[in-house]
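> take a look and give me a structure for this.
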Amino acid sequence: MWQRKRDCTIPEVMRAVREAFPEQPALRYPFRDLSWTFAQLDARTLEAARGLHSLGVRKGDRVTVWAENLPDWIVLQIALARLGAILVTANTALKAPEIEYLLRQSESSVVCYSAGMSGNSYPQALEQIRSRLPRLKLEIFLGRQGELPQGSPALEFKDLFRHAAATPETTVATLEASQDPDEVINMQYTSGTTGFPKGVMLTHRNLVNNAHFLGKALDYRPGERLALTLPLFHCFGCVVGTLGAYVSAVTICAIDRFDPEQAVELVARERCNIIYGVPTQFRQMLEVASRGRHDLTSLRAGIMGGAPCPEELVRRLVTEFHVPQMVAAYGLTECSPGVTINDPADSIEKRSQTVGKVIDDGIQIRVVDPTTLLEVGRGLPGELQVRGHCVMKGYYNDPKATAETILEGGWLRTGDLAILCSDNYVRIVGRIKEMIIRGGENVYPAEVEEALRRHPAVRDVAVFGVSCEIYGEEVRAAVLTFPDKSVTEGELRAFARERMAGIKVPSRFHFVDLFPMTASGKVQKFQLARMFGPVPRSP
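Okay, the predicted model is just below:
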């Protein structure tokens with residue numbers, strides 16, 4: 001009988017699901033009129049692996065993929081795993097100096113890329129930096145015919161398959177069998193907001209076990225359909241998304257990049273049962289769904305991550321978006337990514353106020369004083385630390401940063417402030433670096449945001465700190481209101497004062513039309529601090 005795989009390699013996962021469900025749809029892009037069964041996906045990834053090997057890609061080589069959510073992205077993810085080559089994911093928002101740093105630091109020998117995003121041509125960026133990357137031996141273009149500039153040295157992806165015949169299928173089979181679950185198979189780069197990005201080394205075991213336990217937590221069933229709208233370059237997309245589906249024999253229904261109209265249409269057209277997203281994306285999809293043109297009743301389960309899940313938003317997703325088993329999860333790239341998840345049977349209050357329990361007994365957590373590293377009591381805030389099968393191998397070519405992050409005993413410092421409740425549920429209260437220290441008192445942005453979101457006019461809010469001569473830092477809030485509702489700064493301040501201590505009440509409320517966001521949907525609070533920070537005094 002078929003069972004989810006764990007403690008194994010990605011090729012073993014794909015072989016198991018292909019053998020059990022060869023004719024089941026594996027990957028569908030309805031807006032591209034593309035549909036492959038697991039047998040067809042297996043055949044395509046095998047040919048891609050043979051072609052890559054014929055062109056010199058070997059086990060352990062780093063291969064960077066810099067593209068939106070194209071079908072070829074998923075083919076490459078699996079094909080590289082079959083060879084034991086390491087997939088290096090690149091954020092689609094990177095510009096020329098940033099992709100140069102990533103390619104150089106990862107020592108990538110191959111880069112696979114699309115035409116790029118609006119105002120950001122990837123071929124032009126590579127033209128600028130190519131001569132400074134001596135390790136780069138092969139370029140593969142994933143865009144449409146005619147998008148590759150004349151004279152480019154890149155091989156078009158479709159031509160990769162012409163090279164497959166030079167590598168026997170048995171060579172790929174031998175490489176698959178030679179791999180160990182604890183070998184690195186994926187590198188993802190941190191955002192770099194506090195320094196140069198670091199390459200997080202993740203193993204087969206890291207990724208497969210994360211996919212296994214997240215699917216188990218939500219009782220994924222073979223043949224169910226996932227609406228995949230998250231960026232694949234992010235851990236949420238290429239682990240929880242692609243592998244999370246395939247470990248549980250779930251069909252992926254995808255779009256090239258997130259667009260709320262297209263995402264809702266995808267769910268309705270494909271009768272999807274599962275959906276992932278961050279709060280900002282779900283709010284945008286709810287606005288589309290509120291027009292009542294789409295039947296979304298096929299949805300059953302979903303995961304919200306990347307930011308706190310407001311209770312009002314969870315309620316709307318359960319009632320208006322028809323996702324009764326919408327849960328919150330917590331993770332980070334260094335933990336591949338999932339650490340905790342709610343039980344779908346939890347109350348809506350619990351699903352919005354906590355991020356659940358550890359996803360598996362093989363993962364341990366503790367909350368410590370960030371300075372002394374001594375454990376704090378239940379119900380008290382401190383740094384969340386994690387150890388177990390989810391923890392990364394380390395940062396690539398950066399032993400110093402690795403040693404600073406993974407402590408003696410295997411405990412990984414997350415940098416997140418959390419409270420461990422008496423029932424072992426976890427509440428995330430902010431980032432250590434985002435914690436506001438006002439007059440010597442700690443203010444946790446997530447706590448203030450949670451209270452302000454309860455105002456009926458507040459669609460979303462981001463709380464951040466700015467420097468202040470009197471208190472060291474002061475609390476500010478950037479506010480998005482619902483289009484049909486209004487509120488004044490004075491009204492919000494009065495609302496806040498009724499619900500929190502005076503030190504937590506924002507000194508200013510800044511009304512905005514949108515937040516500065518990362519490509520993966522997270523609010524960039526450091527940008528808000530720059531935008532609304534105090535104006536320096538004149539000399």
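
> same for the host helix or strand of A81, what does it pack against?
A81 belongs to helix 71-83 when elements are defined using DSSP states H and E. Helix 71-83 sits against helix 10-20, strand 25-29, helix 38-54, strand 62-66, strand 86-89, helix 169-177, strand 251-254, with contacts defined as 3 or more C-beta pairs under 8 Å, 6 or more residues apart in numbering; DSSP states H and E. C-beta coordinates here come from the backbone N, C-alpha and C atoms, glycine included.

> among the ones you listed, which comes closest to Y444?
Proximity to Y444 (C-beta to C-beta) singles out strand 86-89 among these, at 30.7 Å.

> list of residues touching that closest one?
For strand 86-89, the surrounding residues in contact (C-beta atoms under 8 Å, 6 or more residues apart in numbering) are 60-65, 76-77, 80-81, 102, 106, 108, 184-189, 199, 232-234, 238.

> average pLDDT across it?
Confidence over strand 86-89 (mean pLDDT, whole number) is 98.

> and A478, its phi and psi?
phi -100, psi 130 (degrees, to the nearest 10).

> mind putting the helices and strands packed on helix 71-83 into a markdown table with distance to H294 and mean neighbour count?
Converted to a markdown table, the helices and strands packed on helix 71-83 look like this (distance: least, C-beta to C-beta, whole Å; neighbours: other C-beta atoms under 10 Å):
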| stretch | distance to H294 | mean neighbour count |
| --- | --- | --- |
| helix 10-20 | 30 | 20 |
| strand 25-29 | 17 | 22 |
| helix 38-54 | 28 | 21 |
| strand 62-66 | 32 | 24 |
| strand 86-89 | 31 | 26 |
| helix 169-177 | 41 | 15 |
| strand 251-254 | 14 | 26 |
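
> rewinding a little: show me which of the contacts of strand 86-89 are buried.
Under a neighbour-count criterion of 16 or more other C-beta atoms under 10 Å, the subset of the contacts of strand 86-89 counted as buried comprises 61-65, 76-77, 80-81, 102, 106, 108, 184-189, 199, 232-234, 238.

> show me where the stretch 251-400 of the chain has its helices.
260-270, 279-289, 311-319, 348-353, 399-405 (DSSP state H, counting those that start in this stretch).

> with respect to A90, which of those lies nearest?
Proximity of the helices of the stretch 251-400 of the chain to A90 was assessed by C-beta to C-beta; the nearest stretch is helix 399-405, lying at 19.7 Å.

> tell me which residue is most central in this structure.
Nearest to the geometric centre of the chain sits F236, at 3.0 Å (C-alpha atoms, centre = their mean).

> partner residues bridging F464?
Taking DSSP bridges, one finds R476 as the beta-bridge partners of F464.

> what sits against it?
When contacts are counted by C-beta under 8 Å, 6+ apart, F464 is found next to E434, I436, P445, R476, A477, A478, K525, F526, L528, A529.

> tell me the domain boundaries of this protein?
As recorded under automatic domain parsing, the domains making up the chain are 10-202, 258-432, 435-532.

> export those as CSV, with columns for distance to G223.
Listed next are those as CSV, based on distance: least, C-beta to C-beta, whole Å:
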stretch, distance to G223
domain 10-202, 6
domain 258-432, 9
domain 435-532, 29
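
> of all those domains, which lies closest to N210?
domain 258-432 (4.9 Å).

> nearest to R162, out of the helices and strands packed on helix 71-83?
Distances from R162 to each of the helices and strands packed on helix 71-83 were compared by C-beta to C-beta, and the smallest falls on helix 38-54, at 7.3 Å.

> contacts for the helix or strand where A245 lies next, please.
With secondary structure defined by DSSP H and E, A245 is part of helix 244-247. Here helix 244-247 makes contact (C-beta under 8 Å, 6+ apart) with 4-6, 13-14, 17, 26, 208, 210-212, 214-215, 220, 226, 228, 250-252.

> can you get me a residue count around the residue nearest to L313 when sequence neighbours are not counted?
Leaving out its chain neighbours, the residue that sits closest to L313 by C-beta to C-beta, 6 or more residues apart in numbering is P279, at 5.9 Å. Residue neighbour count, defined by other C-beta atoms under 10 Å, stands at 23 for P279.

> and the pLDDT for P279?
Confidence for P279, expressed as pLDDT, is 86.

> pretty sure it contacts E311?
No. Shown here, P279 and E311 do not form a contact pair, counting by C-beta atoms under 8 Å, at 11.6 Å.

> would TSV of the helices and strands packed on helix 71-83 with distance to L266 be doable?
Rendered in TSV, the data for these read as follows (distance: least, C-beta to C-beta, whole Å):
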stretch	distance to L266
helix 10-20	22
strand 25-29	9
helix 38-54	19
strand 62-66	22
strand 86-89	22
helix 169-177	32
strand 251-254	6
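
> what's the closest of those to E450?
Nearest to E450, of these and by C-beta to C-beta, is strand 86-89 at 31.5 Å.

> could I get that closest one in CSV with only the CA atoms?
What follows is the C-alpha trace of strand 86-89 in CSV, where atoms were taken according to Å, rounded to 0.1, in the frame of the first residue of the first chain:
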residue,chain,number,x,y,z
ILE,A,86,22.4,21.3,-5.9
LEU,A,87,19.5,23.6,-6.8
VAL,A,88,20.3,27.2,-5.9
THR,A,89,17.2,29.4,-5.8
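
> partner strands of that strand and their direction?
For strand 86-89, sheet partners with direction are given as strand 62-66 (parallel), strand 184-189 (parallel), following DSSP bridges.

> circling back: strand 184-189 and the helix holding A81, what's the angle between them?
Angle, helix 71-83 to strand 184-189, by axes from the mean of the first three to the mean of the last three C-alpha atoms, to 10 degrees: 140 degrees.

> ok and helix 71-83 relative to helix 10-20, angle-wise?
Comparing the axes of helix 71-83 and helix 10-20 via the same axes, to 10 degrees yields an angle of 110 degrees.

> now the angle from helix 71-83 to helix 169-177?
Relative orientation of helix 71-83 versus helix 169-177 (the same axes, to 10 degrees): 80 degrees.

> could you dump the strands paired with strand 86-89 to JSON lines with distance to L317?
JSON lines is the format used below for the strands paired with strand 86-89 (distance: least, C-beta to C-beta, whole Å):
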{"stretch": "strand 62-66", "distance to L317": "31"}
{"stretch": "strand 184-189", "distance to L317": "27"}
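
> closest one to L155 among these?
Nearest of the strands paired with strand 86-89 to L155, taken as C-beta to C-beta: strand 62-66 at 13.1 Å.

> from the chain's centroid, how far away is that closest one?
In terms of C-alpha atoms, centre = their mean, to the nearest Å, the gap separating the centre of strand 62-66 from the centre of its chain is 17 Å.

> ditto for stretch 316-334
Shown here is stretch 316-334, whose average C-alpha point lies 14 Å from the average C-alpha point of the whole chain (C-alpha atoms, centre = their mean).

> end-to-end on that stretch?
Counting by C-alpha to C-alpha, to the nearest Å, the length from the leading to the trailing residue of stretch 316-334 is 31 Å.

> save the strands paired with strand 86-89 as TSV, and put in mean pLDDT and distance to Y396 too.
Putting the strands paired with strand 86-89 into TSV (pLDDT from 0 to 100; distance: least, C-beta to C-beta, whole Å) gives the following:
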stretch	mean pLDDT	distance to Y396
strand 62-66	98	8
strand 184-189	97	6
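
> R300: which of those is closest?
Set against R300 and scored by C-beta to C-beta, those come closest in strand 184-189, at 28.6 Å.

> then the closest one to CSV, C-alphas only?
Only the C-alpha atoms of strand 184-189 are listed here, as CSV (Å, rounded to 0.1, in the frame of the first residue of the first chain):
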residue,chain,number,x,y,z
VAL,A,184,22.9,18.9,0.5
ILE,A,185,20.5,19.2,-2.4
ASN,A,186,19.2,22.8,-2.1
MET,A,187,20.7,26.2,-1.3
GLN,A,188,18.5,29.2,-0.5
TYR,A,189,19.7,32.6,0.2
